[in-house]
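A.B. asks: below is the sequence, then the predicted model.
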Amino acid sequence: MNWLINSVISQVGNGTSDPAQGVSMANTPNKGRIQLSFVKYAERHGLKTNDVLLKLQSELQGYPGVIVSVDKDAAGPPSGKPINIELTGEEIGPLLAEADSLKAFMESKNVPGVEALRIDIDRAKPEMPIVIDRAKARRLNVSTYAVADAIRTALFGKEVSTYRVEGDDDDYKIQVRLKDDQRYDVGTIMDMKITFRDMLTGQIRQVPISAVAKDERTTTFSAIKRQDLKRVVTVSSNVIAGYNSNEVIAEMKDALTGYEKDERFGMAFTGQQEDQMKEMAFLGKAFLIAIFIVFLIIVWQFNSISYPMVILSTVLFSTIGVFLGLIVFRMDFIILMTMLGIISLIGVVVNNAIVLMDFAKLLFERQKEKRGLPEDRTAHRCDARSADHRGQDASAPGAAHRGDRRARPATARHRLQPEFRYAPHRTRPAHPHRWRQRDLLGTAELGRDLRAHLRDLPHPDHGARDAAHHRQDQRTAPGTRGRSHGAGL
């Protein structure tokens, strides 16, 4: 076996239809299929299967009476040919003439990339009809059913009984038909006698088939296909390896502008083009629905319209990047796979944009607090609520004593406490995730600023330190403590 081929499978007869058209187990004795499986790419020594396909398409041509079609396995659901033109009409004869005219016109244009245009209906299928002379059959009292039943029994057989093997529960059918050497002999079939009971005399009679019928040799259509109660003829072809099917079809449409079509017939490009249009419509709708749902979620999260618009603008830039990547690397735009990738990319891009916008908003708020800029309405309400609490504390018993204690800058802790009182410790913002971020980042900033202020703080002299200790001792003395409590009471 060739070093490039891993296995070869040949099939003739049943099930030899085109794999792209779906599985079919119909009788096709005039068709055969050969399937080649190649070795792995690492063992091909750099040889591409597209080159082998192109060579087979060019060399397997010109055999009389044989139509050869070479294509690679689609590895997906069944679909039509890359080039598929459907002609619809009422009468099959004029429709086939129009298909021949269209095929000849397209072949004269010699569009590059087209392998070979073919019509799906074969008009040269051999046929042998048995024509019954109804006048003779009426004189001999032979019905057309008796003639047809005798021919069918001779060719396909007839079940006459069943039998069962001892110990087996299954019944086996007994079929009666002619032997192979007699079944394919026309003379033997025509000389076969029809046995029937004459309805006039009641006697059993035998009449040969040739006495009431004759055989003819003609050709007919291989099949007649219909769609929406109209007959359909398809002109199709594969695309040569290395060509883009969309570009080839675009050139064919440009070439068809000079074709004069009969008004009685309709013409449309179907097959893969029709499937791609359906997939594009479905995925485009899914793309818009996904963006709308993401927009609603972001609006609910940020309680704003401007932030979601900025975030969704990243989807536009990501889509532009996808198409630029396809252009730079010269890759084909595969509708299903590319659109699925773009839709999946929405989640990644929007997630990164949300994190970036949230962090930018956090930086804005931190800079506002550091520079003393006016805050939003929520911050003003928080400050007012804190002022109310401080007013209530001042009016409470012992507030004068607490106020004097806060007003005395005895130590560095008392001087720095009013300056580093942060909003996250007074009230909780509307968004929990924003609260956690502000709390952690605010605590870290508080530590850095506190260390900086402590470094810049002047060292107190010993006299001030002794006076502070003296006041502290007087406050904690027994008599002073009682008088303080009495004043408070």
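C.D. replies: Sure, I can see it. These numbers were taken from a predicted model, which means no experiment stands behind them. Numbering: from 1, shown residues only.
A.B. asks: going forward, measure contacts and count neighbours with C-alpha atoms only.
C.D. replies: OK.
A.B. asks: distance-wise, check the most centrally placed residue in the chain relative to Pro94.
C.D. replies: Centroid-nearest residue in the chain: Leu336, 4.8 Å away (criterion: CA atoms, centre = their mean). For Leu336, the distance to Pro94 equals 38 Å [CA to CA, to the nearest Å].
A.B. asks: what's the answer for Pro64, then?
C.D. replies: 27 Å.
A.B. asks: neighbour count for these two, which is higher?
C.D. replies: Set Pro64 next to Pro94 and count neighbours by other CA atoms under 10 Å: Pro94 wins out with 14 against 6.
A.B. asks: before we move on, which element is that one in?
C.D. replies: Secondary structure from DSSP states H and E places Pro94 in helix 92-109.
A.B. asks: ok, residues contacting the helix or strand just after that helix?
C.D. replies: Later in the chain than helix 92-109, the nearest helix or strand by DSSP H and E is strand 118-119. Residues outside strand 118-119 that contact it (CA atoms under 8 Å, 6 or more residues apart in numbering) are 99-100, 103, 233-237.
A.B. asks: and stretch 263-274, by the same measure?
C.D. replies: Counting by CA under 8 Å, 6+ apart, 79-89, 95 sit against stretch 263-274.
A.B. asks: mind checking the longest helix of this protein?
C.D. replies: The single longest helix within the chain, with elements called by DSSP state H, is helix 335-371.
A.B. asks: can you tell me the average pLDDT over it?
C.D. replies: Here helix 335-371 scores 87 as its mean pLDDT.
A.B. asks: chain center to that helix: distance?
C.D. replies: 25 Å (CA atoms, centre = their mean, to the nearest Å).
A.B. asks: could you do stretch 220-228 as well?
C.D. replies: On CA atoms, centre = their mean, the centre of stretch 220-228 falls 33 Å from that of its chain.
A.B. asks: check stretch 143-153 too.
C.D. replies: With CA atoms, centre = their mean, you get 54 Å for stretch 143-153.
A.B. asks: over to stretch 130-144?
C.D. replies: Worked out by CA atoms, centre = their mean, stretch 130-144 lies 61 Å from the chain centre.
A.B. asks: straight-line length of that stretch, end to end?
C.D. replies: By CA to CA, the extent of stretch 130-144 from end to end equals 11 Å.
A.B. asks: please apply the same query to stretch 155-175.
C.D. replies: Per CA to CA, stretch 155-175 runs 11 Å from first to last residue.
A.B. asks: in that stretch, what's buried?
C.D. replies: Within stretch 155-175, the residues that count as buried by 16 or more other CA atoms under 10 Å are 155, 157-158.
A.B. asks: got it, and stretch 340-360?
C.D. replies: Across stretch 340-360, burial judged by 16+ other CA under 10 Å covers 342-343, 345-346, 349-350, 353-354, 358.
A.B. asks: can you lay out those residues as TSV showing distance to Met267?
C.D. replies: Listed next are the buried residues of stretch 340-360 as TSV, based on distance: CA to CA, whole Å:
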residue	distance to Met267
Ile342	34
Ile343	34
Leu345	39
Ile346	39
Val349	44
Val350	44
Ala353	48
Ile354	50
Asp358	56
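A.B. asks: what about Ile305, how many neighbours?
C.D. replies: 13.
A.B. asks: quick one: it and Ile297 touch, right?
C.D. replies: No. Using CA atoms under 8 Å, Ile305 is not in contact with Ile297, being 11.3 Å away.
A.B. asks: avg pLDDT for stretch 284-291?
C.D. replies: Averaging pLDDT along stretch 284-291 yields 90.
A.B. asks: what residues of it count as buried?
C.D. replies: Neighbour counts over stretch 284-291 (16+ other CA under 10 Å) mark 287, 291 as buried.
A.B. asks: next step: the buried residues of stretch 155-175 restricted to strands.
C.D. replies: Counting by DSSP state E, the buried residues of stretch 155-175 place Lys158 in strands.
A.B. asks: quick check: which ranges of the chain have low pLDDT?
C.D. replies: Applying pLDDT under 70 to the chain flags the ranges 1, 19-26, 74-79, 375-489.
A.B. asks: hang on, the earlier thing: quick one: buried ones out of the contacts of stretch 263-274?
C.D. replies: Buried members of those, scored by 16+ other CA under 10 Å, are 79-89, 95.
A.B. asks: about what we covered before: closest one of the buried residues of stretch 155-175 to Leu324?
C.D. replies: For the buried residues of stretch 155-175, the minimum distance to Leu324 (CA to CA) is 65.2 Å, reached by Leu155.
A.B. asks: thinking again about what came up before, let's see which of the contacts of stretch 263-274 end up in helices.
C.D. replies: Using DSSP H, the contacts of stretch 263-274 in helices are Leu95.
A.B. asks: what segments of the stretch 251-400 of the chain are helices?
C.D. replies: 272-302, 306-328, 335-371, 377-395, 399-407 (DSSP state H, counting those that start in this stretch).
A.B. asks: can you lay out these as JSON lines showing distance to Trp3?
C.D. replies: Output for the helices of the stretch 251-400 of the chain, formatted as JSON lines (distance: least, CA to CA, whole Å):
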{"stretch": "helix 272-302", "distance to Trp3": "34"}
{"stretch": "helix 306-328", "distance to Trp3": "35"}
{"stretch": "helix 335-371", "distance to Trp3": "33"}
{"stretch": "helix 377-395", "distance to Trp3": "77"}
{"stretch": "helix 399-407", "distance to Trp3": "93"}
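A.B. asks: A strand includes Ile174, no?
C.D. replies: Yes. Under DSSP: H, G, I helix; E, B strand; the rest coil, Ile174 falls within a strand.
A.B. asks: the strands in the stretch 1-150 of the chain, which residues?
C.D. replies: 5-12, 32-38, 83-89, 118-119, 125-127, 130-132 (DSSP state E, counting those that start in this stretch).
A.B. asks: as CSV, the ones you listed with distance to Asp169 would be great.
C.D. replies: Below are the strands of the stretch 1-150 of the chain laid out as CSV (distance: least, CA to CA, whole Å):
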stretch, distance to Asp169
strand 5-12, 35
strand 32-38, 39
strand 83-89, 52
strand 118-119, 51
strand 125-127, 43
strand 130-132, 42
